[in-house]
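Participant: Below is the structure, and that's it, no one-letter string:
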C-alpha cells in the first residue's frame, strides 16, 4: 500500500502508448542507450520550445523521430533551417539517417507537460509559486479539463526548510485505468536549490494518440 507508480506507464497498452516503438533483442542495450542520448540532445537543444513528448520509431536503416511541441516555429526556424540543423546533430550522434517530424500540440493549456514547463519557467523567474500554479490551473480550467492536480516540493519561495504542497481542482481518478491521465514531472533550477513540479491532467474521454488502435490490436 502507498507505493507510487507513473500513471502513464501503468496504462501502457490500455489508454497510453510507448514513447519508443521498436524491437531488437540482439541490440536492445545499445539501442536503448542511443534513445537516451537522442532524447537528452533534443531536450538540451529545445529547452524553450515547450516539447511535450518525443516519439522514436526505428526502421531498418533509419530512425524516425516525432517531436510534439507547443511552439513548432521555434524548432523549424526560418525556411526549415532549425530543424535541419537539429537533424544533422542527431545524425552525427547516432551515425545513421534520421527523419524529423514536428507535430504541433493542438491544446497546450490542457497538456500536463506544457503546464509543468510553464510553472518551471515562472518559478525560475522568481515568481511566487502559488501565483504560478494558480494561473496554470485557471488556464487549464478554461480548456475544459475535468481535473488537474499539481504537486510542488523543495525550498518554496526560498524558505529555509523544504516542504511539499499539493493543489487539486476537479476530479483526477488515478486508480481508474480506463481513464487516461496525462502526467509530467519537471525540475526548476533556482539559486536556492531545485524544485520538483508534478502535474496530473484528466480529460474524460481523452486518450493518447494511437493508444486506442494499439489496444484494439491486442
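Facilitator: Structure's in. What do you need? This is a predicted model, so every value here is computed, not measured.
Participant: how about low-confidence regions in this protein?
Facilitator: Within the chain, the ranges that satisfy pLDDT under 70 run 1-2, 205-218.
Participant: let's go with 80 and repeat that
Facilitator: 1-4, 205-218 (pLDDT under 80).
Participant: pretty sure residue 40 belongs to a strand, no?
Facilitator: No. Counting by DSSP: H, G, I helix; E, B strand; the rest coil, residue 40 falls outside a strand, being helix.
Participant: Give me the neighbour count for it.
Facilitator: Each residue near residue 40 was counted by other C-beta atoms under 10 Å, and the total is 11. The C-beta positions use only the backbone N, C-alpha and C, and glycine is treated the same way.
Participant: And it, how close does it get to residue 90?
Facilitator: With distances taken as C-beta to C-beta, to the nearest Å, residue 40 is found 11 Å from residue 90.
Participant: same thing with residue 65?
Facilitator: 7 Å.
Participant: next one: residue 76
Facilitator: 15 Å.
Participant: Residue 63 too?
Facilitator: According to C-beta to C-beta, residue 63 stands 8 Å off from residue 90.
Participant: and for those two, which residues touch both?
Facilitator: Contact criterion C-beta atoms under 8 Å, 6 or more residues apart in numbering; residues shared by residue 63 and residue 90: 38, 98.
Participant: Now residue 196: closest residue in space that isn't a chain neighbour?
Facilitator: Distances taken as C-beta to C-beta, 6 or more residues apart in numbering place residue 153 nearest to residue 196, at 4.8 Å, with adjacent residues excluded.
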